[in-house]
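[1] Pasting a predicted model and its sequence here:
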Amino acid sequence: MKKQQWFKQAITIGLCTTIGFSALLATGAGTAPVAASAVSADSVSADSVSASASGSKVVSFGKKYLGTRYKFGASTSTTRYFDCSSFTQFIFKKYGVDLPRTSVAQSKAGKSVSKANLRVGDLVFFSSGSRANGKNVTHVAVYAGNGKILHTYGSPGVTISDLNSGNWKKTYLKSRRVL
């Protein structure tokens, strides 16, 4: 058995054991809490668990700005208005992630992640609006979970939209994980 296969099998057994002990504790059969931090190629690592928590914090912080006006080319020195990339840059910076200024540059940060594997806090990119040609990045949003994105554009300003319907479904390009 290859070392990598052995490792995956050991992690899977550990995960099953943890789940079993957790079930016992839930029924009152145990007295001590059990911490689950199993890792496998297809499951969430301990690092990504903390990244997921950070993603939730980024989104929660961003939601405090719901309704804040949109202004293309917004200055990064104000929170009176944002454009899409100044908004993502601002909310991620609070949690120690320094993103580039533009959506195009942000679309090259971190690592690629498929739409099917999005986690809260992932950056989501679109080709939409007057500068769009269907292939170029013109907009960035933050995945907020449950098929929703947190972003800013046009008259709603900072808002939450459905990633899987309408314009956002049609103009989706790619996603990046920076946490």
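    That came through fine.
[2] could you pull out the helices for the protein?
    3-26, 46-63, 84-93, 103-106, 166-171 (DSSP state H).
[3] The third one: which residues count as buried?
    Judged by neighbour count using 16 or more other Cβ atoms under 10 Å, the buried positions of helix 84-93 are Cys84, Ser85, Ser86, Phe87, Thr88, Gln89, Phe90, Ile91, Phe92. All C-beta spots, glycine's among them, are computed from the backbone N, C-alpha and C.
[4] Show me the contact partners of it.
    Helix 84-93 has contacts (Cβ atoms under 8 Å, 6 or more residues apart in numbering) with 58, 61-62, 65, 74-76, 79, 82, 98-103, 105-106, 123, 139-142, 151-153, 158, 178.
[5] returning to that earlier point: any idea which of the helices of the chain has the lowest pLDDT on average?
    Note on those: helix 3-26 shows the lowest mean pLDDT, a mean of 42.
[6] For stretch 124-139, give the mean pLDDT please.
    Across stretch 124-139, the average pLDDT comes to 93.
[7] now the end-to-end length of that stretch.
    Using Cα to Cα, to the nearest Å, the end-to-end distance of stretch 124-139 comes to 8 Å.
[8] so how far is that stretch off the chain centroid?
    Put simply, stretch 124-139 sits 19 Å off its chain's centre (Cα atoms, centre = their mean, to the nearest Å).
[9] residues of that stretch that come out buried?
    By 16+ other Cβ under 10 Å, the buried positions in stretch 124-139 come out as Val124, Phe125, Phe126, Ser127, Ser128, Val137, Thr138, His139.
[10] export the buried residues of helix 84-93 to JSON lines and tack on distance to Gly110?
    Formatted as JSON lines, the buried residues of helix 84-93 follow (distance: Cβ to Cβ, whole Å):
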{"residue": "Cys84", "distance to Gly110": "17"}
{"residue": "Ser85", "distance to Gly110": "14"}
{"residue": "Ser86", "distance to Gly110": "18"}
{"residue": "Phe87", "distance to Gly110": "17"}
{"residue": "Thr88", "distance to Gly110": "12"}
{"residue": "Gln89", "distance to Gly110": "13"}
{"residue": "Phe90", "distance to Gly110": "17"}
{"residue": "Ile91", "distance to Gly110": "15"}
{"residue": "Phe92", "distance to Gly110": "10"}
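[11] Now do the same contact list for the nearest residue to Lys71 once chain neighbours are set aside.
    Of all residues not flanking Lys71 in the chain, Tyr81 sits nearest, at 4.1 Å (Cβ to Cβ, 6 or more residues apart in numbering). By Cβ under 8 Å, 6+ apart, the contact set of Tyr81 is Thr68, Arg69, Tyr70, Lys71, Ala74, Gly157.
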